[in-house]
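Participant: no sequence on this one, just coordinates:
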């Protein structure tokens, strides 16, 4: 007949083993005793004499999958490569890494990183690889965010697209209100089209150039300064290096300067009162209704009057000096 021996061979420091549900676990005080929890969540505990300490647990009747009872003073050294799904959970701080040089995260879904910084590591780097998926950095409560896509970086504030927009797909980089959500003011670098310009609140679409516009395209190389898109008074200056011209404009159209360096034609003035210097033909043309020469104290005003008759053709230069009218006969040589 077989006999069952329930005694434990105590080779060192385990004088007894006790198995039951956790609710029926005996009080601690038997140093070295082992308690096995036979109901979920299972586990193995050791009686230190002054407390029960869990030394193993499992996920539902299988082999042990972890070690519990570790605290902030316990150091764990890991080496090699972690494979499969790995999660490090620390309450509100799901993942905390200190004293790193490079952290690389490869993820195809959204990654939410909050309060991420390192003040002790010089030349630290955060490298994120994403596949056509948005990544947000910032405060989602106030919508102060940096939004990263596969070919674009932009900032947002209060649901508005303002601040910085770096669009690498079309070579357009904007600083200011790039989404027309605030004051419509921005500075645009359109690298693909070799140009940069300002946009202002006068242009509500925020797409046309305003105030300042530079093109460095070989086929259209120019600088525009002022109201060249007719939002207010049409006062502007254009230096067109491709056309080799310089012009200014005012509320009444082209006025002030109109220099055509290719044809050596230079205009000063506007409409019926201007001086034209035609250097290629050695000519100076003065267009005016009245020619006024002012000195101190004399004032000279002159006009040309044609009083020709059928028998005696004659032209007079009428002048006025200090309010007195005079005529000078002009003869055709």
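Facilitator: Nice, I can see it. Just so you know, these numbers come straight off a predicted model, no measurement behind them.

Participant: hang on, residue 158 packs against residue 141?
Facilitator: No. Here residue 158 does not reach residue 141: they are 10.9 Å apart, not a contact under CB atoms under 8 Å. The way it works is simple: take the backbone N, C-alpha and C, and place the C-beta from them, glycine included.

Participant: Which one of these two is surrounded by more residues?
Facilitator: residue 158 (10 against 6; other CB atoms under 10 Å).

Participant: quick one: least confident helix or strand in the chain?
Facilitator: strand 64-66 (a mean of 44; mean pLDDT, DSSP states H and E).

Participant: List the buried residues of stretch 23-30.
Facilitator: 25, 28 (16 or more other CB atoms under 10 Å).

Participant: care to break the chain down by domain?
Facilitator: 1-69, 102-182, 290-333 (automatic domain parsing).

Participant: Least reliable of these by average pLDDT, please.
Facilitator: In terms of average pLDDT, domain 290-333 trails the rest of those, at a mean of 62.

Participant: Can you list the neighbours in contact with stretch 164-173?
Facilitator: Here stretch 164-173 makes contact (CB atoms under 8 Å, 6 or more residues apart in numbering) with 151-155, 174-175, 178-179, 188-193.

Participant: let's see it at 7 Å
Facilitator: 151-155, 174-175, 178, 188-192 (CB atoms under 7 Å, 6 or more residues apart in numbering).

Participant: Of these, which is the most crowded?
Facilitator: That'd be residue 178 among those, by other CB under 10 Å, with 25 neighbours.

Participant: If you drop the residues flanking it in sequence, what lies closest to that one?
Facilitator: Excluding the flanking residues, the one nearest residue 178 by CB to CB, 6 or more residues apart in numbering is residue 165, at 4.1 Å.

Participant: so where's the stretch 151-300 of the chain uncertain?
Facilitator: Low-confidence segments of the stretch 151-300 of the chain (pLDDT under 70): 204-206, 252-254, 288-300.

Participant: make it 80
Facilitator: Where the stretch 151-300 of the chain drops to pLDDT under 80, the residues are 159, 203-207, 251-255, 270-273, 286-300.

Participant: and the gap between residue 23 and residue 57?
Facilitator: As judged by CB to CB, to the nearest Å, residue 23 and residue 57 stand 17 Å apart.

Participant: residues contacting residue 176?
Facilitator: 185-187.

Participant: Which parts of the stretch 101-250 of the chain are strands?
Facilitator: 102-106, 112-113, 125-129, 135-139, 144-149, 152-156, 163-167, 172-176, 186-190, 195-199, 210-217, 220-226, 236-240, 245-250 (DSSP state E, counting those that start in this stretch).

Participant: now the nearest residue to residue 202 once chain neighbours are set aside: how far from residue 193?
Facilitator: Distances taken as CB to CB, 6+ apart put residue 231 closest to residue 202, at 3.8 Å, once the chain neighbours are dropped. Note on residue 231: its distance to residue 193, by CB to CB, is 22 Å.

Participant: ok, and what's touching stretch 139-149?
Facilitator: Residues outside stretch 139-149 that contact it (CB under 7 Å, 6+ apart): 130, 134-138, 153-159.

Participant: Residue 285 and residue 276 touch, don't they?
Facilitator: Yes. Taking CB atoms under 7 Å as the definition, residue 285 is a contact partner of residue 276 at 4.3 Å.

Participant: So for those two, which sits in the more crowded spot?
Facilitator: residue 276 (15 against 11).

Participant: For that one, list the residues it contacts.
Facilitator: Counting by CB under 7 Å, 6+ apart, the residues that residue 276 touches are 267, 285.

Participant: Can you name the helix or strand that it falls in?
Facilitator: strand 273-278 (DSSP states H and E).

Participant: which parts of that strand are buried?
Facilitator: So for strand 273-278, counting by 16+ other CB under 10 Å, buried means residue 274.

Participant: What is the burial count for residue 46?
Facilitator: Neighbours around residue 46, by other CB under 10 Å: 20.

Participant: Any idea what it is bridged to?
Facilitator: residue 34, residue 53 (DSSP bridges).

Participant: hey, what's residue 245 bridged with?
Facilitator: residue 240, residue 260.

Participant: these two touch, right, it and residue 264?
Facilitator: No. Applying CB under 7 Å, one finds residue 245 not in contact with residue 264, separated by 11.8 Å.

Participant: Who has more neighbours out of those two?
Facilitator: Remark: of residue 245 and residue 264, residue 245 carries more neighbours, 18 against 12, as counted by other CB under 10 Å.

Participant: roughly how far apart are the more buried one and residue 327?
Facilitator: Taking CB to CB, one finds residue 245 at 42 Å from residue 327.

Participant: One more: residue 217?
Facilitator: 59 Å.

Participant: Looking at the contacts of residue 176, which is nearest residue 223?
Facilitator: Taking CB to CB as the measure, residue 223 lies nearest residue 187 of these, at 15.3 Å.

Participant: ok, now which ones touch the closest one?
Facilitator: Here residue 187 is in contact with 175-176, 198 (CB under 7 Å, 6+ apart).

Participant: what's the answer for residue 255, then?
Facilitator: Taking CB under 7 Å, 6+ apart as the test, what residue 255 contacts is 248-249, 270.
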